[in-house]
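[1] sharing a sequence plus its predicted fold:
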Amino acid sequence: NHINLKLRQLLNKYDERLERIPNLGDYSCTQLRNLLENMADTNNVTTLATITNEYTSHLIQEHRDSYAKILDYHIKQFLEFTHGDLFMTEISPRLIDDYARHIRAKGASPSYESICLVPLRTIINYAIKMQMVKYEVHPFLYWKERRSDPRDIDIPVDELRKIFAYQSPFRGRRRTVDLFRLSYYLGGINLLDMLAYDYRGYQTKPMSYVRHKTRNKKSSYHTVTFTIPPEAYPLIEKYMDKTTGKLDVHYRGEYLSLLTATDRQLKDIA
C-alpha cells in the first residue's frame, strides 16, 4: 500500500506536468519523457520573496548588481503594501490594481508608477517562465503601463560650456568635470565602461566596447564602435595608466564609492 501510494503521487505529478505542455503531438516519446522528468513543479507555496531572492542571485552572478538592487527595493515596497510576504498564487489582477491605485494616491507620476510595478511584473514573469507558478489570468493582464509627457532634458549649449569651463580649488570636482567632459566626447559612455576600457593606441584605432549594462542580455548584445575625437586626447593622456591602458582617476575607494562621489559633485557643480 505504501509503494502504491508513492507511485500514485508520482503519476499525479506527471499528469499535472503533462497538462502544462502545449502541442503534445509535436514531441517524440523521448522528448516528452525528458520534459516530464525535468519540469519544475507548480508550487502553490512559493512566495514572492523566495522568487525574488533567487532571481536577484542570478543577476548578481551576472554582475548586474545595480539592477538586482532596484528589483529588490521595489519588491520590498510592494511587500510593505501587502503587510508581509505572500504566496505567488495570491497575486491577482485585483491586488495589482489596488497597488497601482495606492501609488497614484501618493501623487506619483505615471513614470514612477511604472518604475514601481515593472519590477514586480518581471519577477512574476520569471516565476511563470520557470514554471514555479501557474495563473488562469495573468496578474498584470489589465494593468497598462502609463507614460509621462516627454520632457526637454537636454543641457543647453551655453550651460554645457559653463560646465566645461568650470574651475574649482577642489581636486574631486576637477576630476568630476574631466570625467563628464570625457563621457561627452566618447558618445555618452557611462562611468563603468569608461574606466574599464583599454585606451592604448586610442589615436590610431576606433574605440570598440560592449556595455556592461547589456553584455549579459543576449537579445541586445551590441558592440559600440566609433572614432575617438581629438578633443578627448588631452583628457585620456591626463589619466591613462601607460601600463594597463586604463584610466587612473586617483581615487582609492571602490567603484560604487567613486560613482556616488561623482554624482554628488555633479549636483554641487550644477
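    Noted; the coordinates are in hand.
[2] what is the lowest-mean-pLDDT helix or strand in the chain packed up against?
    When each helix and strand of the chain is scored by mean pLDDT, DSSP states H and E, helix 29-38 comes last, with a mean of 80. Judged by 3 or more C-beta pairs under 8 Å, 6 or more residues apart in numbering; DSSP states H and E, the packing partners of helix 29-38 are helix 2-19. Placement of C-beta: from N, CA and C, glycine included.
[3] so which bits of the helix it packs on are buried?
    R17 (16 or more other C-beta atoms under 10 Å).
[4] T46 and M88 touch, don't they?
    Yes: using C-beta atoms under 8 Å, T46 is in contact with M88, at 5.1 Å.
[5] neighbour count: those two, which is higher?
    Neighbour count, other C-beta atoms under 10 Å: between T46 and M88, M88 has more, with 23 against 19.
[6] ok, and what's touching the least confident helix or strand of the chain?
    Y14, R17, L18, I21, L24, Y27 (C-beta atoms under 8 Å, 6 or more residues apart in numbering).
[7] tell me who's in contact with the third one.
    Put plainly, it is L18. Applying C-beta under 8 Å, 6+ apart, the residues contacting L18 are L24, L32, L36.
[8] mind running it again at 7 Å?
    Counting by C-beta atoms under 7 Å, 6 or more residues apart in numbering, L18 makes contact with L36.
[9] from L35, how far off is it?
    L18 sits 9 Å away from L35, going by C-beta to C-beta, to the nearest Å.
[10] what angle do the least confident helix or strand of the chain and helix 2-19 make?
    110 degrees (axes from the mean of the first three to the mean of the last three C-alpha atoms, to 10 degrees).
[11] may I have the helix or strand following helix 29-38 as PDB, with CA atoms only?
    Next along the chain after helix 29-38, taking DSSP states H and E as the criterion, comes helix 48-61. Taking Å, rounded to 0.1, in the frame of the first residue of the first chain, the C-alpha atoms of helix 48-61 are listed here in PDB:
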ATOM      1  CA  LEU A  48       7.300  36.300  -3.800                       C
ATOM      2  CA  ALA A  49      10.300  37.000  -1.500                       C
ATOM      3  CA  THR A  50      11.700  33.500  -2.300                       C
ATOM      4  CA  ILE A  51      11.400  34.000  -6.100                       C
ATOM      5  CA  THR A  52      12.900  37.500  -5.800                       C
ATOM      6  CA  ASN A  53      15.900  36.200  -3.900                       C
ATOM      7  CA  GLU A  54      16.500  33.500  -6.500                       C
ATOM      8  CA  TYR A  55      16.200  35.900  -9.400                       C
ATOM      9  CA  THR A  56      18.400  38.600  -7.900                       C
ATOM     10  CA  SER A  57      21.000  36.000  -7.000                       C
ATOM     11  CA  HIS A  58      21.200  35.100 -10.700                       C
ATOM     12  CA  LEU A  59      21.600  38.800 -11.600                       C
ATOM     13  CA  ILE A  60      24.400  39.200  -9.100                       C
ATOM     14  CA  GLN A  61      26.200  36.200 -10.600                       C
END
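[12] could you dump the next helix or strand after helix 48-61 to CSV, C-alpha only?
    Using DSSP H and E, the helix or strand that follows helix 48-61 in sequence is helix 65-81. Provided in CSV are the C-alpha atoms of helix 65-81 (Å, rounded to 0.1, in the frame of the first residue of the first chain):
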residue,chain,number,x,y,z
ASP,A,65,24.3,44.2,-9.1
SER,A,66,22.6,47.6,-9.7
TYR,A,67,19.6,46.0,-11.4
ALA,A,68,19.3,43.4,-8.6
LYS,A,69,19.2,46.2,-6.0
ILE,A,70,16.5,48.0,-7.9
LEU,A,71,14.3,44.9,-8.2
ASP,A,72,14.9,44.0,-4.5
TYR,A,73,14.0,47.6,-3.4
HIS,A,74,10.7,47.7,-5.3
ILE,A,75,9.6,44.2,-4.3
LYS,A,76,10.2,45.2,-0.7
GLN,A,77,8.0,48.3,-1.3
PHE,A,78,5.2,46.1,-2.6
LEU,A,79,5.6,43.7,0.4
GLU,A,80,5.2,46.7,2.7
PHE,A,81,1.9,47.4,1.0
